[in-house]
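**Q** Next comes the sequence, and after it the predicted model I'd like to discuss.
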Amino acid sequence: MPWFSSAPKPDPTAEGLYEDGTRYMTEKKYARAIDAFTKIKTDHPFSPLVTQAELQAADALYLNQQYPEAINAFKEFQSMHPTNENIPFVTYRLGQAHFDQFSSTDRDQKNTEIAKGYFETVIAKYPKSPYAAEAKQKLAKAIEYLSEHDFNIAAFYLQQEKYPAARDRFEEIVRRYSGTPAAVKSLFYLGESYRREKNTVKAALAYEALIQHYPQSKFVPEAKTQLAQLEKEKNDPLAMLLMRDRRPAAPATPEKTETAVAKLRDIELIAKKEVVFEEPGDEKGFFRRVVDKINPFSDDGKKKSEDKPPESWQELMAKKKTGEKEESPGFLAGLWSGINPFGSRDAKNNKKTGGPDNQRLVSQIDDSLKQKGVDAKD
């Protein structure tokens, strides 16, 4: 071809676009292939090549590692053409698009779990399809990733000494992922978890199961060693007797009450039951003692009077004669009575005239003398 000749123009028809897209797929120019197949759908919506172009566009998205876009395209094709002969391929590609997003067993395994479901569907519903064998291989790999992820979580709980949580996950791995490397080591560490909890019966069962079902495992020698140790402890009654069974320890013997209280008092940790206002007795100031003397509501005078022994009839007679006389209140008491703004005028008048208060006192003394058999009038 001469150098000045122009390149062939692309065929604008649906057939031409499909040929271009197929060529781009062969050349691994997936972005151009996507454009060509998409243009068939937009420019030639009634072409018989539209369905095949949709499938090719979705596959080009997957091969270009545009996994979310590829998943949406394959799901749309599956929804629009549920009876298409390429549905087994679409289901397998959906599993691949999720599976290929795996990065590490330490990360979330949501996509791996979804991929596992798609591979199981291909195997169960389309066992004779050319994708069934590949789906089995991918399924085994997905199960391995999931089991390793769960084992990492269980091992973390075991390291943190959270044995019930670790034990539950080890048991689940053994049940769900039987035959995987994670299931083998989970069975061993399940025995370790029981052994650390002093559950020798379950620990021995786990070790025995490992030896029986996975005799070639690298964990078998250690399992045999632990099993022999458990058997030795089982045959030794003293070891069984002294083995801790995780019951709560007996409380320490409490000290005698008096000794304990004395110690608490020494360190001033005993609180008073009532909050009281304390005043020194004999150490009160002069004016405070005067106020307590003349204050009718003071407890100081009451306590002193309660401490005195009963008066004889001679003392009562003397008090009667004294009470009939008008007593001087004294300098300080008179001063207090004069300046007290709350004092009543009647009280002042009664003190001056020997009023009802003195008469009441005389009557009380007469009654007391009569009880003693003494005539007060004598």
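**A** That came through, no problem. Since the model is a prediction, treat every value here as computed from it, not as a measurement.
**Q** going forward, measure contacts between C-alpha atoms and count neighbours the same way
**A** Will do.
**Q** Poorly predicted segments of this protein, please.
**A** 1-12, 235-362, 364-366, 368-378 (pLDDT under 70).
**Q** quick one, domains of it?
**A** Domain assignment for the chain, taken from automatic domain parsing, gives 14-147, 161-242, 256-306, 309-378.
**Q** What's the local residue count around residue 14?
**A** 23 (other Cα atoms under 10 Å).
**Q** Might one say that it is in contact with residue 51?
**A** No. With contacts counted by Cα atoms under 8 Å, residue 14 stays clear of residue 51, the gap being 11.8 Å.
**Q** Please name every helix or strand in contact with the longest helix seen in the chain.
**A** If you go by DSSP state H, the chain has its longest helix at helix 132-159. Counting contacts by 3 or more Cα pairs under 8 Å, 6 or more residues apart in numbering; DSSP states H and E, helix 132-159 packs against helix 110-125, helix 163-176, helix 181-196.
**Q** distance of residue 197 from residue 164?
**A** Note on residue 197: its distance to residue 164, by Cα to Cα, to the nearest Å, is 9 Å.
**Q** go on, residue 14?
**A** Distance from residue 14 to residue 164, by Cα to Cα: 64 Å.
**Q** which SS state does the spatially closest residue to residue 145 that is not a sequence neighbour fall under?
**A** Nearest non-adjacent residue to residue 145, counting by Cα to Cα, 6 or more residues apart in numbering: residue 105, 6.0 Å away. Secondary structure, DSSP: H, G, I helix; E, B strand; the rest coil: residue 105 is coil.
**Q** if I read this right, residue 105 contacts residue 148, doesn't it?
**A** Yes. Counting by Cα under 8 Å, residue 148 is a contact partner of residue 105 at 6.3 Å.
**Q** Between those two, point out the one with more neighbours.
**A** Ranked by neighbour count (other Cα under 10 Å), residue 105 and residue 148 place residue 148 first, with 22 against 17.
**Q** What residues of the longest helix of the chain count as buried?
**A** 132, 135-136, 138-139, 141-151, 153-155, 157-158 (16 or more other Cα atoms under 10 Å).
**Q** now stretch 179-192
**A** 180, 182-192.
**Q** need those in a markdown table with distance to residue 77, can you?
**A** Formatted as a markdown table, these follow (distance: Cα to Cα, whole Å):
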| residue | distance to residue 77 |
| --- | --- |
| 180 | 35 |
| 182 | 37 |
| 183 | 38 |
| 184 | 41 |
| 185 | 43 |
| 186 | 42 |
| 187 | 44 |
| 188 | 47 |
| 189 | 46 |
| 190 | 46 |
| 191 | 50 |
| 192 | 51 |
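**Q** For residue 22, state which of these is nearest.
**A** Using Cα to Cα, residue 180 comes nearest to residue 22 of these, at 41.1 Å.
**Q** which SS class is residue 82?
**A** Residue 82 - assigned by three-state DSSP - is coil.
**Q** Count the residues that sit near it.
**A** 11.
**Q** And for residue 70?
**A** Neighbours of residue 70 using other Cα under 10 Å come to 23.
**Q** Then the one 3 residues further on?
**A** Counted with other Cα under 10 Å, residues neighbouring residue 73 total 22.
**Q** Next, it: phi, psi?
**A** Phi and psi for residue 73, reported as degrees, to the nearest 10, are phi -70, psi -40.
**Q** what does the one 10 residues further on give?
**A** Main-chain dihedrals, residue 83, degrees, to the nearest 10: phi -100, psi 10.
**Q** Pull the number of nearby residues for it.
**A** 9.
**Q** Kindly report the same for residue 84.
**A** 12.
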